[in-house]
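1. Sequence below, structure please.
(2 chains, ligands or ions: 1)
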Amino acid sequence: MEIKRIMPPLTDEVVESLRAGDRVLISGIIYSARDLAHKRLVEAIEKGEKLPFELKGAIIYYVGPAPAKPGYPIGPAGPTTSGRMDPYTPILLAHGLKGMIGKGNRSEEVKKAMMKYKGVYFGAVGGVAALTMKKIKQVKIIAYEDLGPEAISELVVEDFSVIVINDIYGNDLYELGVKKYAKI
Amino acid sequence: MREINVKEITEKVAQLCIEANCLLGEDVKKRVKEAIEKEESPLGKEVLKQILENAEIARNEMVPICQDTGLAVVFLEMGEEVKVVGGNIYEAINEGVRKGYIEGYLRKSVVSDPFRRKNTNDNTPAIIHCSITKGDKIKITVMPKGGGSENMSEVKMLTPAFGVEGVKDYVVKRVKESGANPCPPIVVGVGIGGTFEYAAILAKKALLREIGSIHPDPFYAEMEKDLLERINNLGIGPQGFGGRITCLAVFIEVFPCHIASLPVAVNINCHAVRHKSIII
Ligand code: SF4
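-> Got it, this is the predicted structure:
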């Protein structure tokens, strides 16, 4: 299988080149954020405040890692269910977010926003968190430290393996895959 | 009466929590290896390979297979000739969970109240199911249960007229609706009979069976086989990316029930069917 390599910040051209079902390796900086961090990001946008990182071209990873063992930058860190972030996602896409990594279905609103603002949704394999941990080389908390494990971190990743679930053309791998392999 | 000190129970539970989370069962690995051969989708094959690679890293570095190290579900089988000394056994188990989750760098995923949701920071309390057995031994099984797959589980009070086909349709429907959320390939525990709450416990217990084992009752062995085939025909595939292997095994546990009821519980687990037991 062909493997595409990308580095954030993502441009429109890169996003346009990705299709549902593509295997992709990401290297560079991505940001961890889950429920509470999303709430704060959206509140900051609504108040017109400056965001803790540059959203334009950014990739957010929905993750709640296990604690790091001594000598490790992070503990096992697989994706969490993306649907919980759906209510906050369209506004982030409208403000330049280009990629999201998680697991599970997205809402229709998010899918529409991905097409409108040119963003892609990647799936990371759930339950292979030790393997994923190995691809995260450095971790630095950059915002909302008071949220504890839900703070936003900057993660430096190398060859972080993901699959395109939703592309900007309206394709959804979860639907395409089932259609292709179902025997009814 | 044989005496067992609670200290020993705490130590053993701590160890079981760490081992269950870091060491993927050989039965699961064997079934995943077979699944790689059967999987037709290239993406699906890739996912299954990652599962094996992940299990190796977790084992070698003693880190958890998955970051969601779950709620600690504990099955306690107490021999009637055992006397526990030195303290209370439930407290000893919780102390073991606390120790295991802290010393093993496992994620603390328990909130103290369903609405006020403050993390207890030590993964206690455990969910403890106790039963009394013959003899002078204690068997403890620790089963960390992740939230993603637990959230896809359900109990349904069917009526006898639904019969075998009705139950099968219901189980398949539940798996279909779960889609990619429980991180397929999954293992499905089905509890049939008993009462509303007992069906759920049966379903959870079913998940403890060894993958590859065959139900002793040919009637249910056939039903398990049939369900496995129907689920794999859904096409959900590893991680929901589409493919042949959605499910690694279906296990059924049954119990007598009321003349008017046919309770069915479906407990869904990801490939990380983590459980470790010890007999003291
Ligand atoms: S469903 Fe299982 S593999 Fe997936 S995140 Fe939860 S515990 Fe991990």
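2. And for the closest residue to chain A within the stretch 101-250 of chain B, nearest residue in space, chain neighbours not counted?
-> Ranking the residues of the stretch 101-250 of chain B by distance to chain A (Cβ to the nearest Cβ) places residue B:242 first, at 1.9 Å. To be clear about C-beta, it is placed using only N, CA and C from the backbone, and glycine gets the same treatment. Nearest in space to residue B:242, with sequence neighbours left out and distances taken as Cβ to Cβ, 6 or more residues apart in numbering or on different chains, is residue A:177 at 1.9 Å.
3. just residue B:233 next, same as before
-> Leaving aside its sequence neighbours, residue B:233 sits nearest to residue A:183 (Cβ to Cβ, 6+ apart; 4.3 Å).
4. Is it correct that that neighbour falls within a helix?
-> No. Counting by DSSP: H, G, I helix; E, B strand; the rest coil, residue A:183 falls outside a helix, being coil.
5. What does the pLDDT read for it?
-> At residue A:183, the pLDDT value in this model is 92.
6. go on, residue A:148?
-> pLDDT for residue A:148: 78.
7. Closest residue of chain B to the ligand?
-> Among all residues of chain B, residue B:146 sits closest to the ligand, at 2.3 Å; criterion: Cβ to the nearest ligand atom.
8. Show me which residues of the stretch 101-250 of chain B are close to the ligand?
-> Neighbours of the ligand within the stretch 101-250 of chain B, by Cβ under 6 Å from any ligand atom: B:146, B:148, B:149, B:182, B:183.
9. Return only those of the residues you listed found close to chain A.
-> For chain A, the contacts drawn from these by Cβ under 8 Å from any Cβ of the partner chain are B:148, B:183.
10. who wins for neighbours among the residues of the stretch 101-250 of chain B next to the ligand?
-> Compared across those, residue B:183 has the highest neighbour count, 32 neighbours, by other Cβ atoms under 10 Å in any protein chain shown.
11. Residue B:239 is in contact with that one, correct?
-> Yes. Judged on Cβ atoms under 8 Å, residue B:183 makes contact with residue B:239 at a distance of 6.7 Å.
12. list the residues that contact both of those two?
-> Common contacts of residue B:183 and residue B:239 (Cβ atoms under 8 Å, 6 or more residues apart in numbering or on different chains): A:103, A:125, A:126.
13. would TSV of these with secondary structure, neighbour count and distance to the ligand be doable?
-> TSV is the format used below for these (DSSP: H, G, I helix; E, B strand; the rest coil; neighbours: other Cβ atoms under 10 Å in any protein chain shown; distance: Cβ to the nearest ligand atom, whole Å):
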residue	secondary structure	neighbour count	distance to the ligand
A:103	strand	25	7
A:125	coil	25	9
A:126	coil	31	4
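14. What count of nearby residues applies to residue 173?
-> All of this is about chain A. Residue A:173, neighbours per other Cβ under 10 Å, totals 26.
15. Switch to chain B, please.
-> Other residues within reach of residue B:173, judged by other Cβ under 10 Å, total 13.
16. mind listing what residue B:217 touches?
-> Counting by Cβ under 8 Å, 6+ apart, residue B:217 has no contacts.
17. what's residue B:245 in contact with, if anything?
-> For residue B:245, the contacting residues are B:35, B:38, B:39, B:44, B:48, B:184, B:185, B:232, B:237, B:238, by Cβ under 8 Å, 6+ apart.
18. Give the PyMOL command for selecting the buried subset of those.
-> To isolate the buried subset of these in PyMOL, counting by 16 or more other Cβ atoms under 10 Å in any protein chain shown, use the following:
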select buried, chain B and resi 35+39+44+48+184+185+232+237+238
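19. Would you mind listing the two of the contacts of residue B:245 that lie farthest apart?
-> Maximum pairwise distance among these (Cβ to Cβ): 14.1 Å, between B:38 and B:184.
20. quick one: residue B:134 and residue B:80 touch, right?
-> Yes. Using Cβ under 8 Å, residue B:134 makes contact with residue B:80 at a distance of 6.3 Å.
21. lowest average confidence, helix or strand, in chain B?
-> helix B:147-150 (a mean of 92; mean pLDDT, DSSP states H and E).
22. What is whichever helix or strand comes after it packed up against?
-> Using DSSP states H and E, the helix or strand that follows helix B:147-150 in sequence is strand B:154-158. The criterion is 3 or more Cβ pairs under 8 Å, 6 or more residues apart in numbering or on different chains; DSSP states H and E, and the helices and strands that strand B:154-158 contacts are helix B:163-178, helix B:196-206, strand B:262-269.
23. Of those, flag the one that's most buried.
-> Of all the helices and strands packed on strand B:154-158, strand B:262-269 has the most neighbours on average by mean count of other Cβ atoms under 10 Å in any protein chain shown, namely a mean of 26.
24. orientation of it relative to strand B:154-158 in degrees?
-> Per axes from the mean of the first three to the mean of the last three Cα atoms, to 10 degrees, the angle that strand B:262-269 makes with strand B:154-158 is 160 degrees.
25. now the nearest residue to residue B:232 once chain neighbours are set aside: how far from residue B:153?
-> Excluding its sequence neighbours, the residue lying closest to residue B:232 (Cβ to Cβ, 6+ apart) is residue B:246, at 5.4 Å. Distance, residue B:246 to residue B:153, using Cβ to Cβ, to the nearest Å: 16 Å.
26. repeat for residue A:144
-> Residue A:144 sits 32 Å away from residue B:153, going by Cβ to Cβ.
27. what do you get for residue B:124?
-> Residue B:124 sits 22 Å away from residue B:153, going by Cβ to Cβ.
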